Every structure is written in structure tokens, then in C-alpha cells.
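J.: please work out how this folds:
(2 chains)
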Amino acid sequence: MNPALRNIVLPLACLAMLALVPVFAIDGYTRHLFVIAFIYAIIASNWNLSLGHCGVFNFGHLSFFGVGVYTTAIAAKTFDVNPWLAILFAGVTAAIAAFLVAAPVARLKGIYVVLVTFAFSQLAMQLVLSQSYITGGAEGIVRIPYLRLGDYSFLKDYKLGYYYVGLGLLVISTLFLLAVTNSPFGKSLKAVRDAEDYAAARGISVSRQRVLVIVLSAIFTGIAGGFYAIYLRVASPEVFGFGTLSLALSMVLIGGAGTTYGPIVAALALTFATESLAGLRGFEEARFIVVAVAMILVLRLAPGGLLGLLDKLIPEKRQE
Amino acid sequence: MTETLIATLVSGLVLGSLYALMASGLSVVWTTLGVFNFSHGALMMVGAFIAWTVSEAAGLGLLAGITAGTLAAAVIGVIIERLLIRPFYGNRNMLLITVMTTLAAMIILEKGAQIIWGARLKQLPRLIDGEVSVFGTTISAHEAVLAVIAPLVLIAIWRFTVSTSTGRSLRAVGQNQNSATLIGIDVPVAFALAFGLSAALAGLTGALLGSIRFITPVMGADPLVKAMIVVIFGGLGSLGATAGAAYVIGIIEALLILWLGLYWTPFVLFLLMIIVLIFRPNGIFGSAE
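T.: Model prediction:
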């Protein structure tokens, strides 16, 4: 495929299509699925920044999302902060949380990175469960204030407003990711991933790049968490659980770690796939098994993700 | 004051025994295959559910249940090794890929258990009823059995890896696969054996724990996290260091619960873990590679 076509025209065409979806999908449920898919797309593509582009195996990525959810929920509900502002706060606190976990992780190697980041996310969940007078404990926080713009309430028009806010956040997050990965900094991240010793020899501070990439990957993940809390009007400790973790991880892997659009495409596809499975009788729990099996199959058969597989197939056709 | 302290130390010893059983299984797989098994907690949970099914639902008695739970976990462990780990041997990113495949295995086992056994809480009867007095404090006899079984099992594994030729072949494979192949060790068999042994340990732990805690599909998550903290403290490299760290963590946790309460204990443990990692990235007892 022509690079210009692939990197500019195709994404813009997809964006135009997504912008037109609410014209055709007039029911609240379809739009709801899209909003959830946008949120997952932000989580997965930002996780991909640290996992795919820099090779940092951060297993606590979902805890940044959770920090965002609870920041916004507490700010908007307990302290009456304007919901728009509360969503932005989430990006700040998620970045701070990311720095706290990144600082000790930066110098670790291999499995210890996984263990510490994973333990961090478990700790965050423990914190939420135990400090129930602030977080609502296992029951969570409910009836969080909704978005308003002047006199317009976002609860109206079958989630039309939320659809465009979600899409807008995804677009901004993607532009941010593109800017990061195409900058010299982004290239240094790939150097750290592919040739750590060589990168260090060329004067790149490996641990500093690792801390930075984890913090950068947390900003929009936290904002997505904030938006999630405001949109669903609920914050519950489930966001830290294995269910969300495995779903987001499978999006990164199935979409193709290291590609920019792969995780976004996979997030949209998987959200709709798992939601339609949830509608089938007996598949409410089994859908997670289906996703887990899909993840294993992709790791086994197409380690570059399905989008990477597509790339491999197309040049072959051209040669024929 | 002394009485509370002794009671705390005894409960720390029981916790430590539990963590030692869990973490030693992780350590066996790590030293042989170089894989960190995220499904270890889920294997424990399967052991508990199978033990419950055989012992309570089928009414065959607790000992039959514990045996069945241990064996079932071992079989599933071997299957996991065959399907989810063996295809990735020799891959440059094997460590990280197997983290993801064993995580997927965990999801499959947990959700599978939820579908098969439902969400209702289950519990096994105790091996021995009644209470035992230890240094002037009383604990349940079942917990005492756990505290006695754990070191015995650990010594058995240690003797197995040191003095039997099969056990030594596991260590040889862990140290150098190519040399092990050259002297005639069947490496895939050794891998399956190590994984099966580790899974059996998990199943046994689950079956024993099923009398103390409720059996639920997610019961393995908390012991897995604790076992992770243990292996970070002790390093993953040797069985002795892992077992030692398990008891240290068990006692520290019991003391922290006494002084700080249940809520803040996980934080302090986590902080300790971070501090250990900053100064000793291979664990307190780990060798600096």
C-alpha cells in the first residue's frame, strides 16, 4: 500500500465514517457501544506506546485508567468540580501515579518489571477497596454528575454528545501518540526497545526514556478513565480487575503491538464482538474465554497482530 | 503483650507456610523453564474446586478430594505447558509472551470455573477438627497441619532436586538446555515434569486452603500476588531463598496487621518490596548476576 494512502487517507476516511455513524445509528445502544469502544481504543493505543513502541512491560497500565476514574468521580461528586475540569484532572493524577510506579521500575529488567507494575495495580485496587469512606469501597461511587455545555444536557439526544466527546478524545489522543512516536524522542524509544546497549552507548538515557514513556502513556489513559466515570456515572473497583486488563491487553496484541492504528481497530472490533457475545445466552462469562483464546491464537499464529498479518499478505500479492 | 506477640508470630508462621507452598511452585517453574506462571493461582483454585467436588459433591471423603485436586491441577499444568508454553521455546520474547499466555490461561480457568461451579461460596471440611495449643496460643488443628505439611513438602522437593537423577535433570535443564540435551536429558519431558510438579503443588495448596477460606473462582488472585511479593523478596533463583522469603513475609505481614491493621498492611509490604528492588534488584537472598 502507498504510504501516504495508508498513513493519511485511510485514517481520515475512517474518521469521516466514524463522524457520520450517529446519523445512521440513531439508537442509544449502538452509540453506547461506540463510546465504550472509543474509551478502550484510547486505553489500548496508549498502552501500546509503552508496550509496543518502547518494550516496557507495564502490567499496571489499567491502574492509570482506574486512577483517572476515581479522580474524576471524587472531584465531580464529592468536591463539586465541573465535570469537564474533573476529566482533565484525571490526566494529571494518572501521570503522577505513572511517575510513582515508573521511577522504581525504570532500572529493573525482564520479569521484575511485570511483577512490580502488576503488584502496583493490585495495590491501587486494595487502596480503593479499603478507603471506602472516600471511594465507596466495593460498592463504588454512583450518581456522578453528568456533562453539560451551557444549558445543553448530555443525557439528551440518545448519547449524541457523549459520542462526539468520546470520538474527539480518541482523535486528540491519536494525534498525540502520532506526534510522540514520529518525534526524535519516539525514535529513541524504539532504539531502547530494539538495542538497549547500543542506545545507551549513543547517549540515550534508557531509564529516563522508560519513565517518560510510562508517564506519557498514562495521560490520555487517565483522561479516558475520567470520561468513563462521567459517562457511566459510576466508579467501581472492577476497573482494576483482570477482566479489563485482559481485554485491553488482547486489543494491543490482536491489533499489533508497535503499530499506531492496530490497537484502535482491534478495540472497536473486540468491543462489538464481546458485546454481541454477551447478548448470547450462556456467553456472559464465556466471552472472556473467547477473547483469551483469540489472544493465544494471535500470539501463536500472527505475532505482529492481525494488522501486521495484513501487511505481510499485501506485498506478497503485489509480487505475484 | 508477649502473648499477642506470640499469637502473631504463630499466625505469621501459618501464612508463611501457605506462601512457601505457593511460591516454591513458581520457583520450580522459573528455575527450570524461565517462565513466570501467571496461572499458578488459578491452578490452586482448580485444585480446591476439584477437591470439593470429589470430597463433598461425590462424598468420597477429604483425603480422596485432596488427592484428586492435586492430580487434576498437575494434569492441567502439563496441558498448559504443552499448549501455551512449548510453542514459544527459543523465541526471543519468550518470557513476555508466556506471561501473556499464562495470563490468558488464568482467565480461561477462572471463567471456566465460574461457569462449571457457579458463584456460590463453597468450603471444604477441615482435615482435623479442634484446636492445638502452640507456645500458649491456640490455632485450629487444620492450620497446624498446614504449618507442618509445608516444610515437609519443601524438604521433599529439595531432596528430589538434589539427590534423584530426575530431579537433578530438572536443574541441569534450567542451567543449560544445550548441555543437558547433549548428556541425554529429554528436555521437553523435563519441562513438562517441572510444570506438572509445580501445578500439583498449587493444587495441594488450594485443597488445603479450601478448608480455611471460601472456594471461589477468584480465590487464587490474592495468594498469587503474595507469592509474587515473596519471589521479589527472595529472588526467583533458588528454592531455599524463596521458602525463606515466604516465612519472612508471612511473619512481617502478621506483625504489620497487628501494628497497622488490615488496610495499611498491603501498602507497607509493597513499599518494602520497592525498597528491596531498588537496592537488590535480584531479591534479598538473590545473587547479583
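J.: enumerate the residues of the stretch 51-200 of chain A near chain B.
T.: Within the stretch 51-200 of chain A, the positions near chain B by Cβ under 8 Å from any Cβ of the partner chain are A:57, A:59, A:104, A:107-112, A:114-116, A:118-120, A:122-123, A:126-127, A:130-131. In short, each C-beta sits where N, CA and C put it, glycine included.
J.: the same query, at a cut-off of 6 Å, please.
T.: A:57, A:104, A:108, A:110-111, A:114-115, A:119, A:122-123, A:126, A:130 (Cβ under 6 Å from any Cβ of the partner chain).
J.: export those to TSV and tack on pLDDT and neighbour count?
T.: Formatted as TSV, those follow (pLDDT from 0 to 100; neighbours: other Cβ atoms under 10 Å in any protein chain shown):
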residue	pLDDT	neighbour count
A:Phe57	87	23
A:Pro104	83	20
A:Leu108	81	20
A:Gly110	77	13
A:Ile111	80	21
A:Val114	87	23
A:Leu115	84	24
A:Ala119	81	23
A:Gln122	81	22
A:Leu123	82	21
A:Gln126	81	21
A:Ser130	82	18
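J.: show me the two of the residues you listed that sit farthest apart.
T.: A:Gly110 and A:Ser130 (31.0 Å; Cβ to Cβ).
J.: mind listing what the closest residue to chain B within the stretch 151-300 of chain A touches?
T.: For the stretch 151-300 of chain A, the nearest residue to chain B under the criterion Cβ to the nearest Cβ is A:Ala292, separated by 3.9 Å. If you count contacts by Cβ atoms under 6 Å, 6 or more residues apart in numbering or on different chains, A:Ala292 has them with B:104, B:107-108.
J.: helix, strand or coil for it?
T.: helix (DSSP: H, G, I helix; E, B strand; the rest coil).
J.: which residues touch the closest residue to chain B within the stretch 101-250 of chain A?
T.: At 4.0 Å from chain B, A:Ser130 is the closest residue in the stretch 101-250 of chain A, using Cβ to the nearest Cβ. Counting by Cβ under 6 Å, 6+ apart, A:Ser130 touches B:Tyr263.
J.: for the chain, which spans come out with low pLDDT?
T.: Chain wasn't specified; assuming chain A. A:1-2, A:306-320 (pLDDT under 70).
J.: hmm, I had chain B in mind actually
T.: For chain B, the ranges with pLDDT under 70 are B:1, B:282-289.
J.: helices along that one, start to end?
T.: B:2-33, B:40-52, B:62-80, B:94-117, B:141-163, B:165-175, B:177-182, B:187-209, B:221-234, B:239-260, B:265-279 (DSSP state H).
J.: show me where chain A has strands.
T.: A:141-142, A:148-149, A:152-153, A:234-235 (DSSP state E).
J.: with respect to burial, which of these scores highest?
T.: strand A:234-235 (a mean of 23; mean count of other Cβ atoms under 10 Å in any protein chain shown).
J.: can you get me the start-to-end distance on stretch A:273-291?
T.: 9 Å (Cα to Cα, to the nearest Å).
J.: residues in contact with it?
T.: A:33, A:250, B:107-108, B:111, B:114-115.
J.: most neighbours of all those, which one?
T.: A:Ser250 (29 neighbours; other Cβ atoms under 10 Å in any protein chain shown).
J.: any idea how far B:Ile107 is from that residue?
T.: The gap separating A:Ser250 from B:Ile107 is 9 Å, by Cβ to Cβ, to the nearest Å.
J.: how close does the closest residue to A:Glu238 other than its chain neighbours get to A:Ser236?
T.: Nearest non-adjacent residue to A:Glu238, counting by Cβ to Cβ, 6 or more residues apart in numbering or on different chains: A:Thr244, 7.1 Å away. Separation of A:Thr244 from A:Ser236 (Cβ to Cβ): 11 Å.
J.: between the two, who's got more neighbours?
T.: Neighbour tally, A:Thr244 and A:Ser236, criterion other Cβ under 10 Å: the higher count belongs to A:Ser236, 22 against 16.
J.: quick one, phi/psi of the closest residue to the more buried one other than its chain neighbours?
T.: Nearest residue to A:Ser236 in three dimensions, chain neighbours excluded: A:Gly140, at 3.5 Å (Cβ to Cβ, 6+ apart). Backbone torsions of A:Gly140, given as degrees, to the nearest 10, read phi 80, psi -170.
J.: A:Gly140 - how many residues pack around it?
T.: Neighbours around A:Gly140, by other Cβ under 10 Å: 20.
J.: for A:His53, which of the helices of chain B is the nearest?
T.: That would be helix B:94-117 among those, by Cβ to Cβ, at 14.6 Å.
J.: can the closest one be found next to chain A?
T.: Yes - residues of helix B:94-117 contacting chain A under Cβ under 6 Å from any Cβ: B:95-97, B:99, B:101, B:104, B:107-108, B:111, B:114-115.
J.: how far off helix B:2-33 does that helix point, in degrees?
T.: Going by axes from the mean of the first three to the mean of the last three Cα atoms, to 10 degrees, helix B:94-117 is angled at 120 degrees with respect to helix B:2-33.
J.: what is the orientation angle of helix B:94-117 with helix B:221-234?
T.: Using the same axes, to 10 degrees: helix B:94-117 against helix B:221-234 is 160 degrees.
J.: other residues contacting helix B:94-117?
T.: A:57, A:110, A:114, A:246, A:285, A:288-289, A:292, A:295-296, A:299, B:35-39, B:42, B:46, B:49, B:80, B:84-85, B:88, B:217.
J.: pull the CA atoms of that helix into PDB?
T.: Written as PDB, here are the backbone C-alpha positions of helix B:94-117 (Å, rounded to 0.1, in the frame of the first residue of the first chain):
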ATOM      1  CA  MET B  94       9.600 -16.000  25.300                       C
ATOM      2  CA  LEU B  95       9.500 -14.500  28.800                       C
ATOM      3  CA  LEU B  96       6.900 -11.800  27.900                       C
ATOM      4  CA  ILE B  97       4.900 -14.000  25.600                       C
ATOM      5  CA  THR B  98       4.500 -16.700  28.200                       C
ATOM      6  CA  VAL B  99       3.400 -14.100  30.700                       C
ATOM      7  CA  MET B 100       0.600 -13.200  28.400                       C
ATOM      8  CA  THR B 101      -0.300 -16.900  27.500                       C
ATOM      9  CA  THR B 102      -0.400 -17.900  31.200                       C
ATOM     10  CA  LEU B 103      -2.500 -14.800  31.900                       C
ATOM     11  CA  ALA B 104      -4.900 -16.000  29.200                       C
ATOM     12  CA  ALA B 105      -4.900 -19.400  30.900                       C
ATOM     13  CA  MET B 106      -5.700 -17.800  34.200                       C
ATOM     14  CA  ILE B 107      -8.800 -16.100  32.600                       C
ATOM     15  CA  ILE B 108      -9.900 -19.300  30.900                       C
ATOM     16  CA  LEU B 109      -9.600 -21.300  34.200                       C
ATOM     17  CA  GLU B 110     -11.300 -18.600  36.300                       C
ATOM     18  CA  LYS B 111     -14.200 -18.000  33.900                       C
ATOM     19  CA  GLY B 112     -14.400 -21.800  33.300                       C
ATOM     20  CA  ALA B 113     -14.700 -22.500  37.000                       C
ATOM     21  CA  GLN B 114     -17.400 -19.800  37.300                       C
ATOM     22  CA  ILE B 115     -19.400 -21.500  34.500                       C
ATOM     23  CA  ILE B 116     -18.900 -25.000  35.900                       C
ATOM     24  CA  TRP B 117     -19.300 -24.400  39.600                       C
END
